[in-house]
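>>> Return atomic coordinates for the entry below.
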Amino acid sequence: MESPPKYKFTLILFITISLSLGLVSFTLCVVSEIKRNKKEDLRWNGKLCHLPSSPAFGLGIASLVSLVLAQSIGNSILFKNYCSGGKRNARYKIPVVARILLLISWLGFAIAVILLIVATSMSRRQPYGEGWLNGECYLVKGGAYAGSALLILVTVGSLIGSALLTMKTNQADQGHKIHAQRG
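The predicted structure is shown next:
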């Protein structure tokens, strides 16, 4: 017997939403990489520096929010079914490969969030005498947002892979249990 249609629909809906938010976050990171401040934007008066706000600041925040939502939504369906009512659901199993993909997803998520937070905070306005850190101006290195974008793809891809493997494994287990009961 297959999974209930409601479960399949919910899982597919969550996967679609998570994938969409991940792609939005990826796109925003790519645009942030293009729109980040360049060396030509830096103003120097001999002692102090000034760096205007970059469009990458708002794009980075939007990318960060999209990534957090994608990760939250993607994981919620797995954990909701696995840990129902505070104890493990006996008929819902997460295979080893899916667990590894889930771990990769969380590691990629953590590194991408750190990169995005640092790069986005550097993209804020850095006035004369204040700068980003200790009164000094800092530019976002080329590739910081692009690296985040690649990590976002890894994060969302492994999260969706984990969900799909879990769905297929549980369908196979349910089919196997039915055949075992008949014979």
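>>> make it CA atoms for all contacts and neighbour counts henceforth
Noted.
>>> any idea of the pLDDT on the residue positioned nearest the centre of the chain?
Centroid-nearest residue in the chain: L67, 3.8 Å away (criterion: Cα atoms, centre = their mean). With respect to pLDDT, L67 scores 95.
>>> again with V30
What the model reports for V30 is a pLDDT of 95.
>>> hmm, back to that, isn't there a strand covering the residue nearest to the centre of the chain?
No. Checked against DSSP: H, G, I helix; E, B strand; the rest coil, L67 lies outside a strand; its state is helix.
>>> Surely it touches G22?
Yes. L67 is within contact range of G22, at 5.9 Å (criterion: Cα atoms under 8 Å).
>>> For the two, list the residues in contact with both.
I152 (Cα atoms under 8 Å, 6 or more residues apart in numbering).
>>> any idea how far the helix or strand containing I111 is from the chain center?
Using DSSP states H and E, I111 sits in helix 96-122. With Cα atoms, centre = their mean, to the nearest Å as the basis, helix 96-122 stands 6 Å off its chain's centre.
>>> which helices and strands does it pack with?
Contact here means 3 or more Cα pairs under 8 Å, 6 or more residues apart in numbering; DSSP states H and E; on that basis helix 96-122 packs against helix 55-82, helix 144-182.
>>> show me where pLDDT drops low in this structure?
Scanning the chain for pLDDT under 70 picks out 1-7, 80-93, 129, 131-133, 135, 168-183.
>>> so which of the helices and strands packed on helix 96-122 gets nearest W106?
Shortest distance between W106 and these, using Cα to Cα, is found for helix 144-182: 7.0 Å.
>>> burial count for T10?
12 (other Cα atoms under 10 Å).
>>> What residues sit buried inside the host helix or strand of it?
Using DSSP H and E, T10 sits within helix 5-35. Buried residues in helix 5-35, defined by neighbour count with 16 or more other Cα atoms under 10 Å: 11-12, 14-15, 17-19, 21-34.
>>> how many neighbours does the residue nearest to R36 when sequence neighbours are not counted have?
Excluding its sequence neighbours, the residue lying closest to R36 (Cα to Cα, 6 or more residues apart in numbering) is A56, at 5.1 Å. Residues near A56, counting by other Cα under 10 Å, number 28.
>>> quick one on the thing from earlier: wait, what's in contact with the residue nearest to the centre of the chain?
L21, G22, S25, F109, I152.
>>> S63: which of those is nearest?
Taking those together and measuring to S63 by Cα to Cα, the closest member is S25, at 4.3 Å.
>>> returning to what we had before: quick one: which of the helices and strands packed on helix 96-122 is nearest V96?
helix 144-182 (9.6 Å).
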